[in-house]
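Participant: Model the structure of this input:
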Amino acid sequence: MSDQSSDIALAMSRPLEESDRPQRRTLHLEDGYETGVYVYGRQCAEGREPVLYAHGIQSHPGWFAGSCAYLARAGHQVFAVCRRGSGDNARHRGHASSAGQLLGDVESACRYVLETTGRSRLGLVGVSWGGKLLASYAASPLRCVDIASLVLIAPGIVPQVDVGLAEKLTIALALLVAPQRRFDIPLSGVRLFTDNPVMQDYLRRDRYALHRATARFLYADRQLDGLLRRAGRGAIAAPTTLILARRDRIVNSAATRRVVETLTAGQAAVVELDGAHTLEFEADPQPLYEAILAGLGGGGGDAQAPPGPG
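Facilitator: Coordinates of the predicted model:
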């Protein structure tokens, strides 16, 4: 693990004041892979826990700059980690060897957050596919850190969008003969993510979004699905908030809600917000920001949303 700082490469979805801009640090994962951690805030306020923020399969931390800056203004120190092979990582683009490796990366990131802040617990925030990853981690009996709270934002646990049968058979064959062969991620249009024209334009110009993944990564994704199916009722003990988008075209919200209710033994708080899948991109993201903060145990708070386009 490292604490070295470097310049920010990712394009942020919303312009930030200089005081809100994150510091990019380098995290060394267990196998030596280096990835970026975008750190918002210098320290946690009294009564606030540090937060690990996980992005989706196609996205990167820059998409969620607004909510990260908002949480930092409210007193949380936020650590938005680039998943291996995504964001500003050029090495092994779109690749991971297994679900175990991805979950190990989460464990390494959590330990980094706790060691950096000197805290014993942390909050987890996962968006879309990152929500599935963090739900899998929270449900894992191998997890070694204390989760103070878990916030899942339109988590990709039960997707509406998937690859076709022929493509699945091709991926299965590639696993045997060419596991690092890349396939299109089936999220082909910006309108799947948002109805906001300003943010649609941001997505079209985003050169760091991930559009292809290896057969091995896609198999690891299926392994995560299996882990969640096998997890028992109440496997997630941490206080959990599920935030759903009413106009989600990527995630099956009703089915996802049923899975989360099972994993948390019916204890999850559920919040439904008007908007498309990436609620961060709504013209007024304040309801999302407040819901995340409340899910982390912070109540409504007095923080104001960072300025930005709508």
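
Participant: sec struct for the nearest residue to Arg207 once chain neighbours are set aside, please.
Facilitator: Of all residues not flanking Arg207 in the chain, Ala11 sits nearest, at 7.8 Å (Cβ to Cβ, 6 or more residues apart in numbering). Heads up, the C-betas are built off the backbone N, CA and C, glycines and all. Classification of Ala11 using DSSP: H, G, I helix; E, B strand; the rest coil returns coil.

Participant: Looks like Ala11 contacts His60 (just checking).
Facilitator: No - in this structure, Ala11 is not within contact of His60 by Cβ atoms under 8 Å, at 9.2 Å.

Participant: can you list residues touching both of the two?
Facilitator: Shared contacts of Ala11 and His60 (Cβ atoms under 8 Å, 6 or more residues apart in numbering): Tyr208.

Participant: got the buried residues for stretch 185-202?
Facilitator: Residues 185, 187, 190, 192-196, 199-200, 202 are the ones in stretch 185-202 that count as buried (16 or more other Cβ atoms under 10 Å).

Participant: So for it, mean pLDDT?
Facilitator: In this model, stretch 185-202 has a mean pLDDT of 94.

Participant: next one: the top helix by length along the chain to chain centre, how far?
Facilitator: For the chain, the longest helix by residue count, based on DSSP state H, is helix 99-117. Per Cα atoms, centre = their mean, to the nearest Å, the displacement of helix 99-117 from the mean C-alpha position of its chain is 13 Å.

Participant: In CSV, could you pull the C-alpha coordinates for it?
Facilitator: The C-alpha coordinates for helix 99-117 follow below in CSV (Å, rounded to 0.1, in the frame of the first residue of the first chain):
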residue,chain,number,x,y,z
ALA,A,99,-14.6,-13.0,-7.9
GLY,A,100,-12.1,-13.8,-5.1
GLN,A,101,-9.6,-11.4,-6.6
LEU,A,102,-12.2,-8.6,-6.8
LEU,A,103,-13.4,-9.3,-3.2
GLY,A,104,-9.7,-9.3,-2.1
ASP,A,105,-9.3,-5.9,-3.7
VAL,A,106,-12.2,-4.6,-1.7
GLU,A,107,-10.6,-6.0,1.5
SER,A,108,-7.3,-4.3,0.6
ALA,A,109,-9.1,-1.0,0.0
CYS,A,110,-11.0,-1.2,3.3
ARG,A,111,-7.8,-1.9,5.2
TYR,A,112,-6.1,1.1,3.4
VAL,A,113,-9.0,3.3,4.5
LEU,A,114,-8.8,2.2,8.1
GLU,A,115,-5.1,2.4,8.3
THR,A,116,-5.1,5.9,6.7
THR,A,117,-7.7,7.3,9.0
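
Participant: Would you indicate which residues of the helix or strand following that helix are buried?
Facilitator: Note on helix 99-117: by DSSP states H and E, the next helix or strand toward the C-terminus is strand 121-127. Using 16+ other Cβ under 10 Å as the test for burial, strand 121-127 gives 122-127.

Participant: and of those, the nearest to Glu17?
Facilitator: Val125 (21.4 Å; Cβ to Cβ).

Participant: low-confidence ranges in this structure?
Facilitator: Within the chain, the segments meeting pLDDT under 70 span 1-8, 298-310.

Participant: try 80
Facilitator: Low-confidence segments of the chain, defined by pLDDT under 80: 1-9, 161-164, 298-310.

Participant: which stretches of the stretch 51-200 of the chain form strands?
Facilitator: 51-54, 78-81, 121-127, 146-153, 182-184 (DSSP state E, counting those that start in this stretch).

Participant: For Asp105, which of those strands is the nearest?
Facilitator: Of all the strands of the stretch 51-200 of the chain, strand 78-81 sits nearest to Asp105, with 8.1 Å by Cβ to Cβ.

Participant: other SSEs contacting the closest one?
Facilitator: strand 34-40, strand 51-54, helix 65-73, helix 99-117 (3 or more Cβ pairs under 8 Å, 6 or more residues apart in numbering; DSSP states H and E).

Participant: Pipe the ones you listed into CSV and attach distance to Pro287 and mean neighbour count per row.
Facilitator: Below are these laid out as CSV (distance: least, Cβ to Cβ, whole Å; neighbours: other Cβ atoms under 10 Å):
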stretch, distance to Pro287, mean neighbour count
strand 34-40, 20, 22
strand 51-54, 18, 27
helix 65-73, 11, 26
helix 99-117, 26, 19
